[in-house]
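In: need a 3D model of the sequence below.
(3 chains)
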Amino acid sequence: MSEDAIHLLAREHALASWAAVAGLLATAWMMAARPHRRELVLAVSASTAVALAISGALGSMLEGAYRARLRQPLFTRAPKLGWLFERKEHLAFGAIALGFCGLSSLLVAALVASRARRAAKEREALEALAEELARAGRLGWVVSALLGVAAAVASALVAREARL
Amino acid sequence: MRKLEQVALGLAGGSATAALAYAFLRVAERALLPEANPAILIGVERSAFAFRALSALYFGGFGAFGFAALALARPLVAARLLRAAVGLAAVALVAQAALAP
Amino acid sequence: MQATRRLALVAAVLLGMTVRVPLGGAAPPGTAPSAASSSAASEGAASRAVARFEEAEQARAEGRFAEAVRAYREALAAEPSARFAPVARARAEDLEAHAEGGFAPLLALTSARRALGSAAEPEARAAVEALARDLRGFPEGRVRAEAAVLVGEAWWRKLGDPRRAVEVLTFAAEDAAGDPLTRQLALTEASALLRERGEISAALALLERHAALSPGALAEVRRLARRGALRTASIAVLASLVVVFVFAFFGAARRLGGMRFAQRAAVRPLMVGFSLYLGGAAAVIVRLRGEGDPRPFLWLGLGVLAVSIVARTLALTSTRGRAALTAARVAVCVAGVLAAAFLSVERTDASYLASLGL
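Out: Coordinates of the predicted model:
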């Protein structure tokens, strides 16, 4: 990889990483302040996950150049900074993995909540249907009773005058 | 649980497992395959980080299948276990980064 | 003994470098006539020593070993500090160490060695057969074991008769009068030959009888014996799982109303996916890393899939709530996975097992 390409990648990696950090903070704020805005939270976390993935991919592309050119001089000049960078790699992997974990979990939560809402609507519709059906049944039975009584009374009245 | 929900929960569990596995792999690497002092090690061919990350993702896949299977049978248990896995992974990663970088 | 001889040789060379017979230059006063005569005498001794050394070499090449020893010793006595002295001393000592039977066994060994190196196969075979017959009658000493090793190597590598090679190499290893290095060589060759023929237990028995001679070879063969035992056990476990599966499948088919239903119930998509992931993803990582054989992982994935189908079929037939049966089923399936894992590595790239002592 040429020098220019490495410098460009390093800049892009830094930009993507800070964008991912901003997205992570925004997601965390939204989940705390606007927990009911599920779709918005999901959209923000999806964007953050994309930024994390881009940052991770660019970091992986730079890892070879770091290992070949920067690691040994860094550890020679400032071992504490060298170990700090090693730690950064571990924490970065964790941030990406748990970021995707968070995104997948929110996705499941959104799907389950949507299903619960649909199920709630379905339950309401079913209950309304049951009520309507019961009302219709009740009406039917009442009308049937009234008609039955009327027929019986008419029959009794006729029977007083003529019978078989 | 629906198919898509099962897959997404599996992915979530797999990601948490991958993070946990990464911490364990690094600790095991430090204990069993000690590296030379980086200040004197010039130009290492292979990337230990890349292999470790790939291996962590591989073990994360085991977790993904496990969580997907559990989600089908006991979704609430799977969700609780996921939260525990995320917490454990966070603690493990921070401890590993602090003590065995 | 070897070390003492080497030390004596080095001391002789150093001594030879420090002792100098004065040749020419200023003679001390009053000694001029005797210095000149002693110089001439020493030159005569040197040329006699060289001549005797050359005669010794000739005699040795022609198999006149007794004469060669005498000539070497005379050359050394005439000129102990000559340039050929270390060689002469070493050859004389070597011949003396192989002098049993008046050098007759050594002559037979040398002739057979020469025939093997230069003659056509029928003559070489005849020479080896003759030596094999005669060596049993050789007196105790180094030559007997060395002759047995030569015969064994010839039968194994040149004449294509490994069975007879094992017998004679074992004889050499067990010859207490032989040189320890020769016996060790015979032992390792015999065990290597037995291993080549798949007779690991015979190789182990032989090495255990002479454990002190070659502890490295013994450890290696013990490892191979362990591996062989595990291989047999793994095959037995998998074979028994096949039998159990056949019975369980028909039981499940009867319970579920047909083979198609049993098949559908036994083969779960998630399990298939996991097994393929287990083998396939690992194989991809190994290939990306560039070293290592991916085949063990592929076979492992297939093995796990097979064991999981057996486990699922058993679960379809067994009565729920019987803890002992469940535990037995789990144990059998764990054993099945371990057997599949072992065989997949052992059959494809056994070097992975070496790090586990197997």
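In: C-alpha only now, for contacts and for neighbours.
Out: Fine.
In: secondary structure element holding the closest residue to residue C:96 other than its chain neighbours?
Out: Leaving aside its chain neighbours, residue C:96 sits nearest to residue C:69 (7.3 Å; criterion: C-alpha to C-alpha, 6 or more residues apart in numbering or on different chains). According to DSSP states H and E, residue C:69 maps onto helix C:65-78.
In: run the angle between the helix or strand just after that helix and helix C:65-78 for me.
Out: Downstream of helix C:65-78, the first helix or strand assigned by DSSP H and E is helix C:85-97. Counting by axes from the mean of the first three to the mean of the last three C-alpha atoms, to 10 degrees, helix C:85-97 lies at 140 degrees to helix C:65-78.
In: send the alpha carbons of helix C:85-97 over as CSV?
Out: Output of helix C:85-97 as CSV, limited to C-alpha atoms (Å, rounded to 0.1, in the frame of the first residue of the first chain):
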residue,chain,number,x,y,z
ALA,C,85,49.4,-41.6,14.1
PRO,C,86,45.8,-40.7,15.1
VAL,C,87,44.4,-42.6,12.2
ALA,C,88,46.7,-45.6,12.8
ARG,C,89,45.9,-45.7,16.5
ALA,C,90,42.1,-45.5,15.8
ARG,C,91,42.2,-48.2,13.2
ALA,C,92,44.3,-50.5,15.3
GLU,C,93,42.0,-50.0,18.3
ASP,C,94,38.9,-50.6,16.1
LEU,C,95,40.4,-53.8,14.7
GLU,C,96,41.4,-55.0,18.1
ALA,C,97,37.9,-54.4,19.4
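In: I figured residue A:16 hits residue A:50, correct?
Out: No - using C-alpha atoms under 8 Å, residue A:16 and residue A:50 do not qualify as a contacting pair, with a distance of 9.5 Å.
In: of these two, which one has the most company?
Out: residue A:16 (22 against 17; other C-alpha atoms under 10 Å in any protein chain shown).
In: how about the nearest residue to the more buried one, chain neighbours excluded?
Out: Closest to residue A:16 by C-alpha to C-alpha, 6+ apart is residue A:55, at 5.0 Å.
In: what about that neighbour, how many residues nearby?
Out: Residue A:55: 23 neighbours (other C-alpha under 10 Å).
In: from chain B, how far out is it?
Out: 15 Å (C-alpha to the nearest C-alpha, to the nearest Å).
In: what's the distance between that residue and residue B:23?
Out: Separation of residue A:55 from residue B:23 (C-alpha to C-alpha, to the nearest Å): 20 Å.
In: using the three-state scheme, assign residue B:34.
Out: With DSSP: H, G, I helix; E, B strand; the rest coil as the basis, residue B:34 sits in coil.
In: for the spatially most central residue of chain B, phi and psi?
Out: Closest residue to the average C-alpha location of chain B: residue B:18 at 2.1 Å, with C-alpha atoms, centre = their mean. For residue B:18, the backbone dihedrals (degrees, to the nearest 10) come out as phi -60, psi -40.
In: how long is stretch C:258-271 from one end to the other?
Out: The stretch stretch C:258-271 measures 22 Å between its terminal residues, going by C-alpha to C-alpha.
In: hmm, that stretch in reach of chain B?
Out: Yes - using C-alpha under 8 Å from any C-alpha of the partner chain, a contact is recorded between stretch C:258-271 and chain B, made by residue C:270.
In: what does that stretch rub up against?
Out: By C-alpha atoms under 8 Å, 6 or more residues apart in numbering or on different chains, the residues outside stretch C:258-271 that reach it are B:65, B:69, C:249-250, C:252-253, C:256, C:305, C:308-310, C:312-313, C:316.
In: restrict the residues you listed to the buried ones and give me that as a PyMOL selection.
Out: Provided next is the PyMOL selection string for whichever of the contacts of stretch C:258-271 are buried by 16 or more other C-alpha atoms under 10 Å in any protein chain shown:
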select buried, (chain B and resi 65+69) or (chain C and resi 249+250+252+253+256+305+308+309+310+312+313+316)
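In: now, which of the contacts of stretch C:258-271 sits nearest residue A:116?
Out: The closest of the contacts of stretch C:258-271 to residue A:116 turns out to be residue B:69 (C-alpha to C-alpha; 21.6 Å).
In: what helix or strand does the closest residue in space to residue C:71 that isn't next to it in sequence sit in?
Out: Distance criterion C-alpha to C-alpha, 6+ apart; nearest residue to residue C:71, sequence neighbours excluded, is residue C:56 at 4.9 Å. For residue C:56, the element it lies in under DSSP H and E is helix C:32-61.
In: what is the mean pLDDT for that helix?
Out: Here helix C:32-61 scores 81 as its mean pLDDT.
In: residues of that helix that come out buried?
Out: Going by 16+ other C-alpha under 10 Å, helix C:32-61 has these buried residues: C:35, C:42, C:45-46, C:48-50, C:52-57, C:59-60.
In: helices or strands up against that helix?
Out: helix C:65-78 (3 or more C-alpha pairs under 8 Å, 6 or more residues apart in numbering or on different chains; DSSP states H and E).
In: could you give the angle of the helix it packs on to helix C:32-61?
Out: If you take the same axes, to 10 degrees, helix C:65-78 sits at 160 degrees to helix C:32-61.
In: now the residue in chain B that chain C sits nearest to: which helix or strand?
Out: Ranking the residues of chain B by distance to chain C (C-alpha to the nearest C-alpha) places residue B:65 first, at 6.5 Å. Following DSSP H and E, one finds residue B:65 within helix B:48-73.
In: check contacts around residue B:25.
Out: Residue B:25 touches B:52, B:56, counting by C-alpha under 8 Å, 6+ apart.
In: burial of residue 6, as a residue count?
Out: Chain wasn't specified; assuming chain A. The burial count for residue A:6: 15, using other C-alpha under 10 Å.
In: ah, I was thinking of chain B
Out: Other residues close to residue B:6 by other C-alpha under 10 Å number 21.
In: before we move on, the earlier item: got the contact list for the residue nearest to residue C:96?
Out: So, once contact is read as C-alpha under 8 Å, 6+ apart, residue C:69 ends up touching C:56, C:91, C:92, C:95, C:96.
In: tally up the residues packed near residue 159, please.
Out: With no chain named, the answer covers chain A. 11.
In: that was the other one, I meant chain C.
Out: 17.
In: give me the phi and psi for it.
Out: phi -100, psi 0.
In: for the longest helix along chain A, packing partners?
Out: With DSSP state H setting the assignment, residue counts place helix A:79-161 as the longest helix in chain A. If contacts are counted by 3+ C-alpha pairs under 8 Å, 6+ apart, helix A:79-161 sits against helix A:38-65, helix A:71-77, helix B:3-32, helix B:75-99.
In: mind putting the ones you listed in JSON lines, mean pLDDT included?
Out: As requested, those are exported to JSON lines (pLDDT from 0 to 100):
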{"stretch": "helix A:38-65", "mean pLDDT": "90"}
{"stretch": "helix A:71-77", "mean pLDDT": "88"}
{"stretch": "helix B:3-32", "mean pLDDT": "94"}
{"stretch": "helix B:75-99", "mean pLDDT": "92"}
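In: any regions of the stretch 251-358 of chain C where pLDDT drops low?
Out: By pLDDT under 70, the low-scoring segments of the stretch 251-358 of chain C are C:318-321.
In: pick out the residue of it closest to chain B.
Out: residue C:274 (6.5 Å).
In: isn't that residue up against residue B:65?
Out: Yes - using C-alpha under 8 Å, residue C:274 is in contact with residue B:65, at 6.5 Å.
In: where are the low-confidence patches of chain A?
Out: A:162-164.
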